[in-house]
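Student: test case, fold it:
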Amino acid sequence: MVRFKRRYLVVEVVPESGYIRMNTLHKAVLETVKRMHGDFGVGAVIPGFGVKYINPETSLAFISTGRGPHRLVASALPFITEVGGRPATVRSLHRAASMRHGFIFLKKYNEEKLKQLEEQLPPREREQLQKEKRKTLGAR
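Tutor: Here you go, the predicted structure:
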């Protein structure tokens, strides 16, 4: 027997207000796949499809799907305009073969974002943040 190969899409869901739940994102993706690819698309995507992880703080989520139909899901993501009845934007950030590689990408992505935010701070606040980072990293 052959194993079911999966792909994990790392996406950023930016709602205009509030936060996103896993089931509302799940429904929004399936509705958009149906709108874009019809019954064939939904039938191909449903086996193995699911929202595995969502972080309401960073608005990042993992979408799991089978290898092959992941292309249908990825092509439908930019056309999602609302999630759970609220306007939202979905950006695809990365496609991974395992959740582990997805989390490795997320770690690098968050470090880059933190670095960009740190560069925008005034010098005093930047020094204070660096002190806190050193203190935190030294505690390990």
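
Student: where along this structure do the strands fall?
Tutor: Taking DSSP state E to define them, one finds strands in the chain at 6-15, 50-55, 60-66, 82-83, 86-96.

Student: quick one: list the elements packing against the third one.
Tutor: The contact analysis (3 or more C-beta pairs under 8 Å, 6 or more residues apart in numbering; DSSP states H and E) places strand 60-66 against strand 6-15, helix 22-45, strand 50-55, helix 99-120. (Glycine included, C-beta is placed from N, CA and C.)

Student: helices and strands of the protein: which one bottoms out on pLDDT?
Tutor: Least confident helix or strand, the chain: helix 123-138 with a mean of 83, by mean pLDDT, DSSP states H and E.

Student: okay, the helices and strands packed on strand 60-66, which one's buried deepest?
Tutor: Most buried of the helices and strands packed on strand 60-66, by mean neighbour count (mean count of other C-beta atoms under 10 Å): strand 6-15, with a mean of 20.

Student: relative to strand 86-96, how tilted is that strand?
Tutor: Going by axes from the mean of the first three to the mean of the last three C-alpha atoms, to 10 degrees, strand 6-15 is angled at 150 degrees with respect to strand 86-96.
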